[in-house]
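When you get a sec, could you give me coordinates for this:
(one chain, ligands or ions: 1)
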Amino acid sequence: MSDTVQQRDRTDPASVEMRERAKTEGIATIWDRYAALGSQCRVGELGICCTICHLGPCNLGLPGSKRPQIGVCGANIDTVAARRLARDMAAGSAAHSDHGRSVAQLLLMTARGQAPGYSIKGEGKLRALAVELGVALVGRSAAEIAEEVAQVCLAQFGQQDGELAFVHRAPAKQQEIWRKLGVVPRGVDREIVDVMHRTNMGVDTDYQSLIMGGIRSALADGWGGSMVATDLQDVLFGTPTPVRAQVNLGVLRADQVNVLVHGHEPMLAEAIVDAAADPALLERAKELGASGINVAGICCTANEVLMRRGVPIAGNFLQQELAMITGAVDAFLVDVQCIMPGLVEAASCFHSEIIATSEKARIPGTRHMPFHEDRAAASAREIVGRAVENFARRDRSRVVIPDHKMDVVAGFTTESITYMLGGTFRGGWRPLNDAIISGRIRGVVGVVGCDSPKHIQDQCHLDLVTELLRHDVLVVQTGCSAIACGKVGLLQPEAAFKYAGKGLQEICETVGIPPALHAGSCVDNSRILTACIEMVKEGGIGRDFSELPVAAAAPGWWSEKAITIGFYAVASGILTVLGSSLNILGSDAVTRFVTGEIEGVTGGRFAFESDPVKGARLIVAHLNKKREALKLRPMMYEVVPVGA
Ligand code: MSK
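I've put the predicted structure just below:
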């Protein structure tokens with residue numbers, strides 16, 4: 001087969017169009033850089049190169065090869081692979097958790113009146129959290145409660161002993177497993193530091209102990225940092241409820257000023273959405289010939305403002321450069337995580353200005369305008385003002401916006417699902433559990449994570465999700481996987497009739513939900529954990545996550561954060577299918593442990609499967625096994641053959 005963009009990437013015509021344009025204009029994209037590198041480092045892929053200290057780098061040989069399998073210090077392949085893996089987990093945990101810390105700090109400043117422009121939009125969630133965290137409610141204002149809730153959450157980061165508060169949300173059986181294993185996280189920062197210490201040369205060399213150390217830091221993310229981020233963002237910006245919006249590059253507007261928000265933290269993006277409605281800025285935009293100011297998003301900042309404000313999404317990770325190549329972006333705001341340095345080259349070919357808004361992320365070739373909570377509204381107006389003025393510099397003859405966008409329904413949280421399943425007076429998860437027990441729904445699977453140039457764009461997500469839907473599996477999605485599925489219409493209720501098995505169709509039709517539920521950003525994988533908690537609490541389908549007919553998948557993952565998410569899922573008892581292996585295959589012991597033996601310890605394990613349809617079938621077999629163990633009824637309907 002010839003290697004044209006169209007043939008390799010048949011799923012997203014908008015991206016195909018922009019990739020062809022990039023070629024014509026001579027602008028390099030992630031696919032070009034990937035191809036230019038040629039074969040990637042096999043030693044790194046196998047996890048057998050140790051760069052921890054400067055006795056090396058020790059590039060070890062595989063068993064049977066002539067190269068030594070022991071580093072200068074005496075570390076063997078298992079130690080080397082496990083150390084790398086543990087550091088990946090700590091790094092992912094650090095990124096998510098630092099996001100959570102920033103939100104907690106913003107809540108504290110808001111409560112103290114130090115962050116003008118922000119308010120507490122989710123007072124109900126604040127009060128529920130206060131009760132959970134032991135913060136007094138009686139006779140106190142929302143600001144007073146929020147101040148103490150923020151302080152309690154901030155204390156979770158530096159806590160030296162005890163257990164993270166949100167760990168106590170997990171089913172009792174799971175908590176007991178973690179206690180026996182000694183992996184209950186004490187404080188978020190402490191666990192990350194612990195991993196960085198134990199992985200030093202000359203400290204921990206036992207591969208299982210290293211992995212368990214890493215798992216403790218991963219749990220500190222899933223049941224700590226990410227959960228803090230999700231919950232406190234709901235307090236500040238409101239808990240999302242299902243909202244209609246649109247996804248793909250076609251949401252950019254030729255007639256309007258386009259401001260793109262990209263990264264992960266929604267704090268400034270929320271202010272940008274407000275600033276885009278500023279009458280003075282709109283007036284100025286009109287003077288310059290624009291009919292309005294259009295805010296759209298990329299990656300997880302996009303998922304955040306999509307869920308809460310209905311802001312359209314221009315694309316996922318692989319589309320950031322493609323959005324720039326439309327020539328229609330007047331300001332491209334980036335905060336933290338998943339921002340390709342390659343964006344700068346794409347921007348230099350147009351009038352577009354990239355504005356780096358985080359103190360943590362200085363990117364050469366961009367304008368650095370760090371966001372400070374105490375002047376967010378002013379910063380947002382200044383940035384949107386720059387975008388408006390930049391619109392005047394746009395070369396309209398070079399604007400090409402693909403005419404492709406798709407309607408989505410997004411914003412499914414644990415709270416909104418509770419409401420939809422039950423209603424105001426009797427919200428609850430009984431209808432979902434009953435649908436699983438009766439065999440209408442086989443199980444629930446979280447399909448999450450990134451997309452990579454190593455695969456056909458979006459395809460691994462689409463193949464895996466549609467195969468699950470065909471088998472009556474309800475899918476919950478976050479991150480770039482959700483955006484990929486949104487682009488082809490899987491996040492619409494009508495998709496149930498096209499893709500879902502008959503049992504799932506009946507449930508989607510009755511409740512009025514899509515068969516794949518958009519649950520938010522990467523930190524919102526914590527929402528999938530809380531959804532599983534509700535399923536356990538409702539009863540009848542398992543006493544902990546490892547007994548539930550649930551699983552997780554990240555078919556296009558590449559980020560350290562994905563490794564962390566995968567490990568906190570596995571440690572929480574969930575089978576997690578990755579579309580490419582972790583960089584550990586050089587160590588048989590580590591590979592055997594994380595893909596097999598760990599199941600006897602935590603109840604969950606990894607599986608590596610590069611074929612997404614096979615990955616989905618592996619999950620279906622797993623769900624069937626769980627159903628059998630629970631003695632649930634056989635599935636109500638036969639699986640409809642492909643193409644029938
Ligand atoms: S943005 S971490 S590429 S999902 Fe959360 Fe997408 Fe992966 Fe970044």
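
Next secondary structure after the worst-scoring helix or strand of the chain on mean pLDDT?
When the helices and strands of the chain are scored by mean pLDDT, DSSP states H and E, helix 5-8 comes last with a mean of 40. Using DSSP states H and E, the helix or strand that follows helix 5-8 in sequence is helix 13-25.

What residues of that following helix count as buried?
For helix 13-25, the neighbour count (16 or more other Cβ atoms under 10 Å) marks 13-19, 21-22 as buried. C-beta here means a position set from N, CA and C on the backbone, and glycine is covered the same way.

Show me which of those residues is closest to the ligand.
Ser15 (14.9 Å; Cβ to the nearest ligand atom).

Thought Glu321 was touching that closest one, still the case?
No - with contact defined as Cβ atoms under 8 Å, Ser15 does not reach Glu321; the gap is 10.2 Å.

what kind of secondary structure is the most centrally placed residue in the chain in?
In the chain, the residue lying closest to the centroid (Cα atoms, centre = their mean) is Cys522, at 1.9 Å. At Cys522 the chain is in coil, as set by DSSP: H, G, I helix; E, B strand; the rest coil.

List the contacts of the closest residue to it other than its chain neighbours.
Excluding the flanking residues, the one nearest Cys522 by Cβ to Cβ, 6 or more residues apart in numbering is Gly479, at 4.7 Å. Each residue near Gly479 by Cβ atoms under 8 Å, 6 or more residues apart in numbering is listed here: 299-300, 303, 316, 448-450, 521-522, 525.

TSV for the residues you listed, including pLDDT and distance to Lys631?
Listed next are the contacts of Gly479 as TSV, based on pLDDT from 0 to 100; distance: Cβ to Cβ, whole Å:
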residue	pLDDT	distance to Lys631
Cys299	98	43
Cys300	97	40
Asn303	98	38
Asn316	98	40
Val448	98	30
Gly449	97	33
Cys450	97	38
Ser521	97	37
Cys522	97	36
Asn525	97	30
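
So which of these are in helices?
299-300, 303, 525 (DSSP state H).

Also within reach of the ligand: list those from those residues.
Filtering the ones in helices among the contacts of Gly479 for proximity to the ligand by Cβ under 6 Å from any ligand atom leaves 299-300.

of the ones in helices among the contacts of Gly479, closest to Cys73?
Ranked by distance to Cys73 (Cβ to Cβ), the ones in helices among the contacts of Gly479 are led by Asn525 at 36.4 Å.

I figured the closest one hits Ser226, correct?
Yes - between Asn525 and Ser226 there is a contact at 6.5 Å, judged by Cβ under 8 Å.

Check the spacing between Ala376 and Ala328 real quick.
Ala376 is 26 Å from Ala328, where distance means Cβ to Cβ, to the nearest Å.

of those two, who's got more company?
Ala328 (28 against 23; other Cβ atoms under 10 Å).

Now do the phi/psi pair for the more buried one.
Backbone geometry at Ala328, expressed as degrees, to the nearest 10, gives phi -110, psi 0.

For it, list the residues it contacts.
Contacts for Ala328 (Cβ under 8 Å, 6+ apart) come out as 252-254, 258, 394, 399, 401.

So the residue nearest to the centre of the chain versus the ligand, what's the distance?
Distance, Cys522 to the ligand, by Cβ to the nearest ligand atom, to the nearest Å: 4 Å.

correct me, but that residue touches Cys300?
Yes - taking contacts as Cβ under 8 Å, Cys522 lies within contact range of Cys300: 5.2 Å.

Run the chain-centre distance for the helix or strand where Leu618 lies.
Taking DSSP H and E as the criterion, Leu618 maps to helix 612-630. Mean-position distance between helix 612-630 and its chain equals 23 Å (Cα atoms, centre = their mean, to the nearest Å).

go on, stretch 231-247?
15 Å.

Please name the residues that touch the closest residue to Gln174 other than its chain neighbours.
Once flanking residues are discounted, Gln174 sits nearest to Asp544: 4.6 Å by Cβ to Cβ, 6+ apart. By Cβ under 8 Å, 6+ apart, the residues touching Asp544 are 170-171, 173-174, 177, 536, 573, 603.

Contacts only, for Ala323.
By Cβ under 8 Å, 6+ apart, the neighbours of Ala323 are 18, 249, 252, 260, 298, 314-315, 329, 332.

Near Gly292, how many other residues are there?
13.

how far away is the residue nearest to it when sequence neighbours are not counted from the ligand?
Nearest non-adjacent residue to Gly292, counting by Cβ to Cβ, 6+ apart: Gln256, 4.5 Å away. Distance, Gln256 to the ligand, by Cβ to the nearest ligand atom: 25 Å.

that older thread, nearest to Ile363 among the contacts of Ala323?
Distances from Ile363 to the contacts of Ala323, taken by Cβ to Cβ, are shortest for Phe332, at 10.9 Å.
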